[in-house]
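> Turn this into a model:
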Amino acid sequence: MATMTIAKALNEALRKSLETDPKVVLMGEDIGKLGGVFRITDGLHKDFGEQRVIDTPLAESGIVGTAIGLALRGYRPVVEIQFDGFVFPAYDQIVTQLAKMHARALGKIKLPVVIRIPYGGGIGAVEHHSESPEAYFAHTAGLKVVSPSTPQDAYWMLQQAIDSDDPVIFLEPKRRYWDKGEVDTEGIPAPLHKARTALEGTDLTLAAYGPMVKVCLEAAAAAAEEGRSLEVVDLRSLSPLDFDAVQASVEKTRRLVVVHEAPVQLGMGAEIAARITERCFYHLEAPVLRVGGFHAPYPPARVEEEYLPGLDRVLDAVDRSLAF
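Numbering: from 1, shown residues only. Modelled structure (predicted):
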């Protein structure tokens, strides 16, 4: 076991994949000598060279288009989008080409492309640097969408994504990059698209992913001081989504609050609430509630903490659910 940050775990995962498979190549803006704006690729350019760790022009559509071409030629490209809001110039390539080529070719070709996207707020940045675009990609058939919340998952899930023959949108919670945790580099990883129970509880289920898992664990700790037992489910994968794990938890606790940083309007929480209501209608003792961002453009950094879901808003939803 080793203690490392999420950023370091991602760096080690990329290093391991580059060492293991000569067809793995990294592409992105400033990922070479600079090591990326968050230093996730630090040291990899020096050790693997510019043919494997490629600094690209500032052209996201061209980066993803090139990655698609490389994948068709047998490579496993890993693309870094510098910030979440910068992915949209490449959105056409991702949705109309990358997501559809496998089906268009009747399964005869594979697109093993990983697109790494630092996402979410909490770092005092401006719009286009603090967004949560996961619903756009989870809505798109043909894409897998995952997001780790711990160094352990960051290390293993990135390697699993690179090994996958399907295109994977790999969402990295940027404000958690420096959170530390234990990583078992010799262990057996959990399946990529399975949720995990981050904390056992009996009174209510909190379902979250990425940056909000830590907030939900803090909410559970605060609720425990008042004698309430909250279960925290880390979804890990958004497409496919492990509804069986959420259902099993809700059948036990009979209440569900879904928490995400993205706006509540048509967000991941809406789909989870609808599916769990369909599956667990006779088990629920309260409506499924959602906690998330507001239906508004991301605000200036000085007021972002008012926009982002925090401990108070999660606990308020817990109180409302338990009041039924």
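> Excluding chain neighbours, what is closest to F48?
Using C-beta to C-beta, 6 or more residues apart in numbering and skipping the chain neighbours, the partner closest in space to F48 is L18 (5.3 Å). Glycine gets a C-beta too; all of them are placed from N, C-alpha and C.
> Tabulate the CA atom coordinates of the host helix or strand of the one you found in PDB.
Assigned by DSSP states H and E, L18 belongs to helix 6-20. Provided in PDB are the C-alpha atoms of helix 6-20 (Å, rounded to 0.1, in the frame of the first residue of the first chain):
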ATOM      1  CA  ILE A   6      -5.300  11.500  -6.800                       C
ATOM      2  CA  ALA A   7      -3.000  13.500  -9.100                       C
ATOM      3  CA  LYS A   8      -0.100  11.200  -8.400                       C
ATOM      4  CA  ALA A   9      -2.300   8.100  -8.700                       C
ATOM      5  CA  LEU A  10      -3.300   9.200 -12.200                       C
ATOM      6  CA  ASN A  11       0.300   9.900 -13.100                       C
ATOM      7  CA  GLU A  12       1.300   6.400 -11.900                       C
ATOM      8  CA  ALA A  13      -1.600   4.900 -13.800                       C
ATOM      9  CA  LEU A  14      -0.500   6.600 -17.100                       C
ATOM     10  CA  ARG A  15       3.100   5.500 -16.500                       C
ATOM     11  CA  LYS A  16       2.100   1.900 -15.900                       C
ATOM     12  CA  SER A  17      -0.100   1.900 -19.100                       C
ATOM     13  CA  LEU A  18       2.800   3.400 -21.100                       C
ATOM     14  CA  GLU A  19       5.200   0.800 -19.800                       C
ATOM     15  CA  THR A  20       2.800  -2.100 -20.400                       C
END
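> List the buried residues of it.
Counting neighbours by 16 or more other C-beta atoms under 10 Å, one finds that the buried residues in helix 6-20 are 6-14, 16-18.
> wait, which of the residues you listed is closest to S61?
Comparing the buried residues of helix 6-20 against S61 with C-beta to C-beta places L14 closest, at 23.2 Å.
> shouldn't the closest one be in contact with A161?
No: using C-beta atoms under 8 Å as the test, L14 is too far from A161 to be in contact (10.9 Å).
> where's the residue nearest to F48 relative to V233, distance?
Distance of L18 to V233, given as C-beta to C-beta, to the nearest Å: 33 Å.
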